[in-house]
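K.L.:
make a model of this:
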Amino acid sequence: MLIDNNVINNHYYNYYYYCNIDFFNINNHAVRYTHQSHTPDTHTSLHSTCNQATSHLHSVNMTSTYIIDIQGFRGNNKEFILKSLAYSKLNDGNYVQQIIFKPPYDIQQLISKRRHEAHYASNNLHLIQWDDGFIKYSDMEETVQSLFTHVREIYVKGLEKATFLNNILKRNICMDMDILHCPNLKTLKLYHPDQLQGPVACKQVSLLRQWFKDLLSKSSSLTNQSVNSLNEYGLDFLTPFEIFFLPIPCILQSCSSEILTRNIRKLPPKIRNNAFVSNLFDKNSHF
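P.N.:
Modelled structure (predicted):
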């Protein structure tokens, strides 16, 4: 089924890539860090049918989208213990904020193997000590939930991190950036050496944010490819990466409730949580 021109032409988006803050303040309490950026705002729309799209269109909401990185330790049962949460809003200046949580218990309560892992992580990975922090761990969930109450989309690298945050937030709004073919952080460091200042978690947020912006700058061709594939093969045969770049009007016009429900686990949060899309899901579907 081809998409009507008017449906596509009425769907717009904006990029807000800017940074005009230069502030860095680090202690054991909080971090805000910024990098300069000069990418101009872009305003575009798609002016053709799904099989002849020639302009880019993407529906990431820059006003409520965050890049997050979390660091921590492992408990005795291998459960993740959140230690550091660094985050950056895409359109609110390119600064990164970080909060550090106190440990849930004394490190001596860890078994020998976990203590060894904790010391290794502190000395070689995230460089945060077990006893660091200023927010009680008992307040961790409430703190994280309050930070992102009105956030619609969160991007984090790694399925475990995305799942952990979704469970804390009690909302399915976090997307694993690996689905978008995000390179490993070692590779990102090679291409963005200017993003390598500050604490580890803040550096990683800066790297991921820049990579994500670079990806969105390619939305024109990626959106065209996705809508063409949707028109030719249907949603069932599209990858999560391809689906990510589909304009929601295209999905609404070409996909039935049955098709959407069948592919519900492939839909990114920005599509799955859209009010018009979610109304089409089978009421008995779970995700």
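K.L.:
CA only for contacts and neighbour counts going forward, please
P.N.:
Noted.
K.L.:
gap between Thr65 and Phe245?
P.N.:
According to C-alpha to C-alpha, to the nearest Å, Thr65 and Phe245 sit 16 Å apart.
K.L.:
higher neighbour count, these two?
P.N.:
Phe245 (26 against 23; other C-alpha atoms under 10 Å).
K.L.:
for the closest residue to Gln225 other than its chain neighbours, which residues are in contact?
P.N.:
The spatially closest residue to Gln225, leaving aside those adjacent along the chain, is Glu242, at 7.8 Å (C-alpha to C-alpha, 6 or more residues apart in numbering). Neighbouring residues of Glu242 by C-alpha atoms under 8 Å, 6 or more residues apart in numbering: 222-223, 225-226.
K.L.:
helix or strand right after the strand or helix carrying Gln253?
P.N.:
Assignment of secondary structure by DSSP states H and E places Gln253 within helix 248-254. Next along the chain after helix 248-254, taking DSSP H and E as the criterion, comes helix 257-262.
K.L.:
determine how far that following helix lies from the middle of the whole chain.
P.N.:
In this view, helix 257-262 has its centroid 24 Å away from the chain centroid, taken as C-alpha atoms, centre = their mean, to the nearest Å.
K.L.:
for that helix, which positions count as buried?
P.N.:
Across helix 257-262, burial judged by 16 or more other C-alpha atoms under 10 Å covers 259-261.
K.L.:
for stretch 95-103, same thing?
P.N.:
95-103.
K.L.:
of the residues you listed, the lowest pLDDT goes to which?
P.N.:
Scanning the buried residues of stretch 95-103 for pLDDT, the low point is Tyr95. It has 86.
K.L.:
phi and psi next, for that residue.
P.N.:
Main-chain torsions, Tyr95, degrees, to the nearest 10: phi -110, psi 160.
K.L.:
show me what it is bridged to.
P.N.:
Per DSSP bridges, the residues bridged to Tyr95 are Thr34.
K.L.:
just to revisit the earlier point, need the buried residues of stretch 95-103 in TSV with secondary structure, can you?
P.N.:
Shown next, in TSV, are the buried residues of stretch 95-103 (DSSP: H, G, I helix; E, B strand; the rest coil):
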residue	secondary structure
Tyr95	strand
Val96	strand
Gln97	strand
Gln98	strand
Ile99	strand
Ile100	strand
Phe101	strand
Lys102	coil
Pro103	coil
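K.L.:
name the single longest helix found in the protein.
P.N.:
Longest helix in the chain by number of residues, with DSSP state H as the criterion: helix 200-216.
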